[in-house]
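> Sequence plus the predicted model coming up.
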Amino acid sequence: MSLTDDIKDFALDLGYSRVGITSAEPFADYIKELNSRRDMYDWYIDGVYQPLKGADPRSLMAAAKSIIMTVYDASKEAFPEKLVGKIGRMYQARCYNAPRHRINGARRQLMRDFLEKCGCHVAERLVVPERLAAARAGVVTYGKNCFAFADGVGSFIIVTSFVVDAELEYDEPSMEVNCPEGCRACLDACPTGALYEPLKMEPRRCVAFNTFMTQDGLRPGITSHIPPEIREKMGAWIHGCDVCQEVCPRNKERLKAKLPPNEYLARVAKDFELTKVLNLSDEYHATRVHPLMYNYIREKKYFQRNAAIALGNMGDPAFVPDLARAMEDPEELVRGYAAWALGRIGGADARRVLEAGLARETADSARREIEAALAVA
Ligand code: SF4
Ligand code: SF4
């Protein structure tokens, strides 16, 4: 058996459903595309991930020869109905950037350990454009919604790259966009127009981006402010957004399949409430929020902000008491977004809470939100 075969056998034995290999040649088109859209992606290009360097793996690891791409099927078990529309399925799957002590991080670590045992040097912290690398390694094709799809699975997959210094056998690329002719369901369904043409997405308009990237001081040029026009279109999503994948015919079979439950998710879902995320205790954060959504959000207040937006969009006056409590939260961000939600729900009770809030509020940003909310409540 060749080293390539050994690696592929091991990856499949680990539970990855696809494995393919491509060369460590630069992703020249990606570099060009990213540079041409610097106005949209400056926060990413200039941030910690260094994607322009990752797109030319040898710029960070001179000996890089091959990229091993694995695909993990995250939709083999059912996602609880209660979390649908609130937490993106990939976050429920707990795959992205999983720590080594959790199952998905442990699987990645086992793969790294195996490659090292085979004599390969594996790059650390080198961020290649993984969907593109997976297409070049022949294990996925693109959809017009910018997601990667594995045949027979769909887009609820995690693609992971391992850049190594070994010369391996490369697979046939599958760079085509494999959508049914004329389909544009994802573009039509995107609530904010973030998907503005096939394979083009404006990240600052994307609901998912707004749920987790909008934090103060985390990415260059990005703050915690979410424009009201976007808030209104975020529905009840508090981490991620699956709309452009849910409407996709390429996911239809998997989404309608009768799948066995995931007992861990079922346990989380049982007592999952947006009102508890709004008035977030340390214990609820540690047991119900962080285990699913550890990837990007660094502070509790951003989950609380997102829950306030979700409750406001749900529009039920029954949430007013929970929002009234949030109006007394120590974080001005939480008070401000609770005010926005009260304005969106409207009615006499909401107005009373807003007026009381304005009378005691001292923070400028929260005062501005309360005044704007009172103007529409
Ligand atoms: S994730 Fe949501 S907001 Fe973002 S492009 Fe898809 S449908 Fe649009
Ligand atoms: S919804 Fe249609 S156009 Fe969009 S990714 Fe799916 S198949 Fe392609």
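Received, thanks. Ligands and ions are numbered 1, 2, ... in the order given.
> Okay, helices next: where are they in the stretch 201-350 of the chain?
207-212, 228-231, 243-246, 249-256, 263-270, 274-278, 282-284, 300-314, 320-326, 332-345, 348-360 (DSSP state H, counting those that start in this stretch).
> can you redo these as a markdown table with mean pLDDT and distance to Ile370?
For every residue, glycine as well, the C-beta is placed using N, CA and C. As requested, the helices of the stretch 201-350 of the chain are arranged in a markdown table below (pLDDT from 0 to 100; distance: least, CB to CB, whole Å):
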| stretch | mean pLDDT | distance to Ile370 |
| --- | --- | --- |
| helix 207-212 | 97 | 21 |
| helix 228-231 | 98 | 14 |
| helix 243-246 | 98 | 31 |
| helix 249-256 | 96 | 41 |
| helix 263-270 | 93 | 33 |
| helix 274-278 | 98 | 17 |
| helix 282-284 | 96 | 26 |
| helix 300-314 | 98 | 13 |
| helix 320-326 | 98 | 12 |
| helix 332-345 | 98 | 4 |
| helix 348-360 | 98 | 5 |
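> so which strand or helix has Val71?
strand 66-73 (DSSP states H and E).
> Check Glu181 too.
If you go by DSSP H and E, Glu181 is not part of any helix or strand.
> could the helices of the stretch 201-350 of the chain be laid out in TSV, adding distance to Ala133 and mean neighbour count?
Formatted as TSV, the helices of the stretch 201-350 of the chain follow (distance: least, CB to CB, whole Å; neighbours: other CB atoms under 10 Å):
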stretch	distance to Ala133	mean neighbour count
helix 207-212	21	24
helix 228-231	31	16
helix 243-246	20	22
helix 249-256	20	16
helix 263-270	29	16
helix 274-278	35	21
helix 282-284	38	11
helix 300-314	30	25
helix 320-326	43	20
helix 332-345	37	26
helix 348-360	49	17
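> Centre-most residue in the protein?
Gly240 (4.7 Å; CA atoms, centre = their mean).
> and the strand holding Val71, what does it pack onto?
In terms of contacts (3 or more CB pairs under 8 Å, 6 or more residues apart in numbering; DSSP states H and E), strand 66-73 is packed against helix 3-13, strand 18-23, helix 103-117, helix 130-136, strand 157-164.
> In TSV: those, plus mean pLDDT and mean neighbour count.
Compiled in TSV, the helices and strands packed on strand 66-73 are given as follows (pLDDT from 0 to 100; neighbours: other CB atoms under 10 Å):
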stretch	mean pLDDT	mean neighbour count
helix 3-13	98	17
strand 18-23	98	23
helix 103-117	95	16
helix 130-136	97	24
strand 157-164	96	24
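> per the record, what domains does this structure have?
Annotated domains of the chain cover 3-75+90-164, 273-376 [automatic domain parsing].
> Nearest to Leu255 among these would be which one?
Distance to Leu255, taken as CB to CB, is lowest for domain 3-75+90-164 among the domains of the chain, at 7.7 Å.
> How about the closest one and ligand 2, any contact?
Yes. Using CB under 6 Å from any ligand atom, domain 3-75+90-164 comes into contact with ligand 2 via 143-145.
> so how far does that domain reach from one end to the other?
Distance across domain 3-75+90-164, first residue to last, is 12 Å (CA to CA, to the nearest Å).
> re earlier: which one among the residues of domain 3-75+90-164 next to ligand 2 gets closest to Val159?
Gly143 (13.4 Å).
> Provide the backbone phi and psi angles at the closest one.
phi -110, psi 160 (degrees, to the nearest 10).
> With the one 5 residues further on instead?
Here the main-chain torsion angles of Ala148 (degrees, to the nearest 10) amount to phi -100, psi 140.
> For it, give me its contacts.
131, 134-135, 140-142, 155, 157, 159 (CB atoms under 8 Å, 6 or more residues apart in numbering).
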